[in-house]
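Novice: Provided below are the primary sequence and the corresponding predicted coordinates.
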Amino acid sequence: MSGSEDNQPTQDGDDESDAPNAAEQAADFVSFVVGLATSALAHLGGDEAPADGPRPDLALARQTIDILGMLEQKTKGNLTGDEERILGHVLYDLRMRYVESVRRRG
């Protein structure tokens, strides 16, 4: 048997070790949301941004926030309670930070 065959699941579904459980799937979705949120925060140039880092880009921040909003709409009814809550809180926080950034610049 070659090394690649060792990692193959069986045809009858006996190998459940490769199938992600609900907690792993939730973590993957949450990680995706957190990654997008981190990107939006970097574009907003939050308090944590290094002084020598990239300049804030409100257009890119808005685009990333809109992507998260679209994700919320398209996944409505298909998320766990925790996923829904996290996405909602992240969107609320980012939208409020965006508005504050626009006010500071304007």
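Specialist: That came in fine, so what should we check first?

Novice: which stretch of helix or strand covers Thr64?
Specialist: helix 58-74 (DSSP states H and E).

Novice: and that helix, what does it pack against?
Specialist: Applying 3 or more C-beta pairs under 8 Å, 6 or more residues apart in numbering; DSSP states H and E, we find helix 58-74 packed against helix 22-44, helix 81-105. Backbone N, C-alpha and C define where each C-beta goes, glycine included.

Novice: what lies in contact with the first one?
Specialist: Pointing back at helix 22-44 there. With C-beta atoms under 8 Å, 6 or more residues apart in numbering as the test, helix 22-44 has contacts from 20, 48-49, 53-54, 56-58, 60-61, 64-65, 67-68, 71, 79-80, 82-83, 86-87, 90, 93-94, 97-98, 101.

Novice: and for Arg62, the neighbour number?
Specialist: Using other C-beta atoms under 10 Å as the criterion, Arg62 is surrounded by 18 other residues.

Novice: excluding chain neighbours, what is closest to it?
Specialist: Counting by C-beta to C-beta, 6 or more residues apart in numbering, Arg62 lies nearest to Tyr98, which is 6.4 Å off, once chain neighbours are set aside.

Novice: quick check: the one you found vs Ala61, distance?
Specialist: 6 Å (C-beta to C-beta, to the nearest Å).

Novice: if you count what's nearby, which of those two comes out ahead?
Specialist: Legend: neighbour count by other C-beta under 10 Å for Tyr98 and Ala61, higher for Ala61 (23 against 18).

Novice: good, we can wrap up now.
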